[in-house]
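J.: Pasted the sequence and its predicted model underneath.
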Amino acid sequence: MAEERRPKQCTVVLPTESMKAMAESIGVGQLQEESCAALSEEVSYRIKEIAQDALKFMHHGKRCKLTTSDIDYALKLKNVEPLYGFQSQEFIPFRFASGGGRELHFYEEKEVDLSDIINTPLPRVPLDVSLKAHWLSIEGVQPAIPENPPPAPKEQQKTESTEPLKAVKPGQEEEGSTQKGQGATSAEAKGKKDGLMRMKPRSTHELSVEQQLYYKEITEACVGSCEAKRAEALQSIATDPGLYQMLPRFSTFISEGVRVNVVQNNLALLIYLMRMVKALMDNPTLYLEKYLHELIPAVVTCIVSKQLCLRPDVDNHWALRDFAARLMAQSCKTFSTTTNNIQSRITKTFTKVYNNCWLDDKTQWTTRYGCIAGLSELGPDVIKTLILPRLTVEGARIKAVSDGPVVSNIDKIGADHVQNLLLKHCASVIAKACPLPDNVEQYRADYGYLGPMLCSHVVKARAQAALQAQQVNRTTLTITQPRPTLTVSQSGIGGSGGSRTPSIIKVPSSLTLMSTRPGTPTQPSPPATKYIVMATSSGSSSTQQVLWTAVLLGGIQKIALFVNP
Amino acid sequence: MAAVQDGQLNMEVEKDIKTEITNDGSGNINANSSSPGSTSSGGKSKSPAGSGEDQQTLLAVLQFLKRNKLTESVDILRREAGLSADADDSPVSDSAGAGSGGVPNVSADGGDANSLLSRVSIATPSIETSSGFGCGSGGRACRLQCGEDQPDVNVVLSAYSQQGDPVLYPLYYNGLKKFIESVLDCHRAELSQVFYPLFVHMYLELVYNNHENEAKQFFEKFSGDQECYYEEDLRILSSMSKKEHMKGNETMLDFRTSKFVLRISRDSYQLLKRHLQERQNNQIWNIIQEHLYIDIFDGMPRSKSQIDAMSGSLAGEGKRDANKAKVFYGLLKEPEIEVPLDDEDEEAENEEGKPKKKKPKKDSMGSKSKKQDPNAPQQTRIPLPELKDSDKLDKIMNMKEATKKIRLSPDNLPSICFYSFLNAYQGLTAVDFTDDSSLIAGGFADSTVRVWSVTPKKLRRVKSAADLSNIDKESDDVLERIMDEKTASESKILYGHSGPVYGISFSPDRNYLLSSSEDGTVRLWSLQTFTCLVGYKGHNYPVWDTQFSPYGYYFISGGHDRVARLWATDHYQPLRMFAGHLADITCTLFHPNSNYVATGSADRTIRLWDVLTGNCVRILTGHKGPIHSLAFSPNGKFMASGATDGRVLLWDVGHGLMVGELKGHSDTIYALKFSRDGEILASGSMDNTVKLWDTLKAFDDVELDDFTAATGHIHLPENSQELLLGTYMTKSTPVIHLHFTRRNLLLAAGAYNP
């Protein structure tokens, strides 16, 4: 790298235009080109000299950042009056201007009205320096306390999870142990050396008492009734850097929770669990790859399950399916690699289920909806190849439900949702793929029953796209994708006016702390079960609409939760 | 050696000429300015190694001071130098005499400089013809002629006035490069050392002679070949593309005033010499003779790794004979103190001086001090303050604590307690703990010094004089009574400096605190009254570090002016000035026996100075960046140093050898400390980590046979990772100080940077 930089060092000189600009700024009009060149060389040299001295002050100030005061001291060394009035700001915003073939970077100095300064209230006095002690290491082991950095960064989690293969090869042992250096006790390092030819030593996921408490608090808050607490808990999951030791437990909690609550048709709980998944995925310090085998089935279950709630006709489980589908798409994007092939495997799964519905008219609309949602979130290519060809058949089926004799309300609602979903996703794809003009007849021929509606949607989509294009030109990019709103319609308490019965959530015992890994998910529910009694907070039985704006997903995305009657 | 010695004859002649010039009234500065050049070129052959070098360094300092118009310091230095130079021969006294006359004129010099410069360049061609092969007399003659210039410029001028055809420079260099590439492998590594100094001097010559474009081309063509650790210097060089820039550039001066030292085996040297003579390559030969000091040794040529380990400093390696002086690295005998096991209040008696009558002590301290260590200096080699009663009590406490000390080993690592400074806003610049770990002090960029008590005992001020007079002085608890209870607080702020506080040090008896600052002063604070007692002035430039002697009373300071000063707390002027470093002194440290002082510098060398004689007794090279931390092992035998390059080097003080290299940090190491028994070295760095190293193993691994001890060519163990015992990350908190308590608990400190 040095070689690359060095030739440059020789030539870095301020451009002569700078000299001209500076000369003009102090009222020297006509400056010869030669004088400019001579000046710029001299100035460049002096600036370098001062910068070198300033670096000394930075080093002795035990900092990595050069401040304006360092430059002042360096000037002082050279017996030059320092520049007054430049206080260390975080950065000095240079502005750029060009015109008349000249480019100029300058520092905008605003005129300051002194009376304004006098009248503004004094800023808060900065906190005084204080001293705080903590244990960085106790007999060679670094305790996991907030004052210390998270024990294992993501890279290390990754190496740990991919290490077993390497550890067997003796040659690579040394590398491993150097990486291990961090937080590793000598004992641990030794253990590794001894186990040269053995497999990786069994990792014990022992949690400290604090971690156990934390885990308990977090899981209870996540599935509890208090939304504020839940928001905090999710925030913590999404941002806390020290969670990796608890990750196996969280993952089991979620997968088991989904397994149990799908059976129980507890929509709210499923939503909460999905939000936990989302929070885990948002945490930049976690290496989730190891736990996908538990998380993905749980998420897929929430997309395609036949029934997710007690009253499919009233509850809005569709939102959950949408949300989970989006989660799925996100995890495909993040975790799919050439080895695990998540994206293609997921696509295959959805297609298979979808094909089953295809063949079987009796398949629930819910599952069909889930498949379509899951597929269409995977991107326009998937829609084009897998969904568009089936629009005709799907349309016929929807027609059969809506036009035919009223079989059940549930089917009707299902068909409606599927129709809307198809229209929503397909329209934008068609709008991009098909040439103008949009001919209703053509659409009817291509897509059957859904044709005319599609046509109008496509027209709308095109109009919107045009509008967007304008906006893009005007300002910056605006994200037009509607924010996911998760609308939970709780079991029809509102209408009946009766107070809600406390719902009982079974938490499998395998989630209790310090337990061993649970058995296979097919195993019947374990003997000891822990009940969490959800005291539902809606004491008000009226048809009021409770609206939380949960700052969810690390404060990025706001999801409004509506409890509809 | 051979290459340099032929300057001897000329020296005699030169001296004569010089005196003439001084007498003929052409100006005092004349002689003054010519003498540094001559001493630096020929001083070596004239006087014994030590004094010659001292003169040279003294003169360099004088020049530096004068150039910066520090007349006061010049006077002081001259006084000091005059003393030391009395016994010596003329050049120094010359310069001293000239200096006194020269000072008032200095201001005028700047004006003349240009005309003088031109005169020199006119003078040059005529000399060029006379400058013959292998003697360099042309250069010297010229130096005399152009003597009527500002000293530093003169030095520069004289060096670079001999000029060849600039176009040929790349050819010369390339020719040598080809030759060195073609020699046997065993010689290649050694001869490759020549490249860098040669490159630098050729470049400077080109620049000096106004061949700007040629210089640039030369630089671009060959700078890529230089070792990567010279990058910093190359950057400075590259920015220097005009003759005017050379004036007053310190790096430039360093290259000129000091010869670049190379160690080359006799065989390799013969090869080089023969090649250059065959080719009649005068240009290169002249440079080698003028600016390089080639330290020739008999024996096997060194390998590339051996050379790399030792090189990297601003002026090449230390000469071998620079590290030959005997260093008494042993510890002083501990004064034997009766430890009253039952009754603490019983007065401890000091039976120093009667070691034979002593009954064996139970604790380790006592048994160790029974016999005089053959490597220890005389107990009275330098006068040390007498122990006070309170000191004895403290020693007793120390011994008691020592018995409770945890034995550290790779299997038994110390616990680390980290003191984070919160809300410091990047302003924490220095930290120190007291030896008993009861107080912690921080120096800040806002010029304040803050002292905290980390024990429940609060900090109290002594009562005012009026109140003190009311106290019953006969009472038993008079020491308690003099304290003002109203002032009790956990921390105290000391105001007085007018710039960032870069160095801070507690006195061993916890009564005083030293702080050094950008404002050029060192201040002594009382921790009884929490006021400033003395401001020691003398540095005039930022003082980067200061350190109390382990016995108190003395302290050392070093800073931007490249001079380390030894002070006693009751003298307002320094007792010793240690000059010789070629760049800022960045850290200072007393040897545990207080007879020596180590200084680390931005010239990438460590020097060890004898407090008694003021001589430099060790020059340790090997770091590739400015040195920011030093630590002596508790037995005084070894030293560790850490630099901006993130490496820790271990040194054997007695032999002056590098004995280990610890790689692992990725940024500047600001803190180093050995555990109380020396088994473990802790290092703290800007990369937010504390690392623990197994020094016992590191020192055991070194096999020191007579040959390596004699030549200093050490084979370093390759893998320092085995010595790493642990790494502890902090949460974005650079570690800037480390301290082992008496019970071997490691304390670390740094400011949290959110």
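T.: Sure thing, it's come through.

J.: where's the strand or helix carrying residue B:683 relative to the chain centroid, distance-wise?
T.: Using DSSP states H and E, residue B:683 falls within strand B:680-685. Counting by Cα atoms, centre = their mean, to the nearest Å, strand B:680-685 is centred 20 Å from the centre of its parent chain.

J.: Next, the buried residues of that strand.
T.: B:680, B:681, B:682, B:683, B:684, B:685 (16 or more other Cβ atoms under 10 Å in any protein chain shown). (Each C-beta comes from the backbone N, C-alpha and C, glycine too.)

J.: Report whether that strand contacts chain A.
T.: No - Strand B:680-685 stays clear of chain A (Cβ under 8 Å from any Cβ of the partner chain), getting no nearer than 10.2 Å.

J.: near chain A, which residues of the stretch 101-250 of chain B show up?
T.: Close to chain A, as judged by Cβ under 8 Å from any Cβ, the stretch 101-250 of chain B has residues B:216, B:219-220, B:223-224, B:228, B:231, B:234-236, B:238-242, B:244-245, B:249.

J.: Using PyMOL, make a named selection holding only the buried ones among those residues.
T.: The buried residues among those can be selected in PyMOL (16+ other Cβ under 10 Å) with this line:
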select buried, chain B and resi 216+219+220+223+231+234+235+236+238+239+240+241+242+245+249
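
J.: Tell me which strands the strand holding residue B:683 pairs with, and in which orientation.
T.: Counting by DSSP bridges, the strands paired with strand B:680-685 are strand B:669-674 (antiparallel), strand B:689-694 (antiparallel).

J.: Quick check: closest non-adjacent residue to the residue of the stretch 201-350 of chain A found nearest chain B.
T.: Scanning the stretch 201-350 of chain A for the residue nearest chain B gives residue A:241, at 9.5 Å (criterion: Cβ to the nearest Cβ). Leaving out its chain neighbours, the residue that sits closest to residue A:241 by Cβ to Cβ, 6 or more residues apart in numbering or on different chains is residue A:150, at 3.8 Å.

J.: So what's the residue count around that neighbour?
T.: 21 (other Cβ atoms under 10 Å in any protein chain shown).

J.: ok, now how distant is it from residue B:627?
T.: As for residue A:150, its distance to residue B:627 is 33 Å (criterion: Cβ to Cβ, to the nearest Å).

J.: what does residue B:444 give?
T.: From residue B:444 to residue B:627 the distance is 23 Å (Cβ to Cβ).

J.: ok, which residues in the stretch 251-400 of chain B are in contact with chain A?
T.: Checking the stretch 251-400 of chain B against chain A by Cβ under 8 Å from any Cβ, there are no hits.

J.: how about low-confidence regions in the stretch 251-400 of chain B?
T.: B:281, B:338-372 (pLDDT under 70).

J.: What segments of it are helices?
T.: In the stretch 251-400 of chain B, the helices defined using DSSP state H, counting those that start in this stretch lie at B:266-279, B:282-291, B:304-310, B:364-368, B:389-403.

J.: which of those helices sits most buried?
T.: helix B:282-291 (a mean of 21; mean count of other Cβ atoms under 10 Å in any protein chain shown).

J.: ok and that one relative to helix B:266-279, angle-wise?
T.: Helix B:282-291 runs at 140 degrees relative to helix B:266-279, counting by axes from the mean of the first three to the mean of the last three Cα atoms, to 10 degrees.

J.: And helix B:282-291, what does it pack against?
T.: helix B:2-5, helix B:168-182, helix B:195-208, helix B:266-279 (3 or more Cβ pairs under 8 Å, 6 or more residues apart in numbering or on different chains; DSSP states H and E).

J.: what about the residue lying closest to residue B:245 once chain neighbours are set aside, helix or strand, and which?
T.: Excluding its sequence neighbours, the residue lying closest to residue B:245 (Cβ to Cβ, 6+ apart) is residue A:45, at 5.3 Å. Assigned by DSSP H and E, residue A:45 belongs to helix A:33-60.

J.: Looking at the very next helix or strand once past that helix now, give me its mean pLDDT.
T.: As assigned by DSSP H and E, the chain's next helix or strand after helix A:33-60 is helix A:68-77. Averaging pLDDT along helix A:68-77 gives 89.
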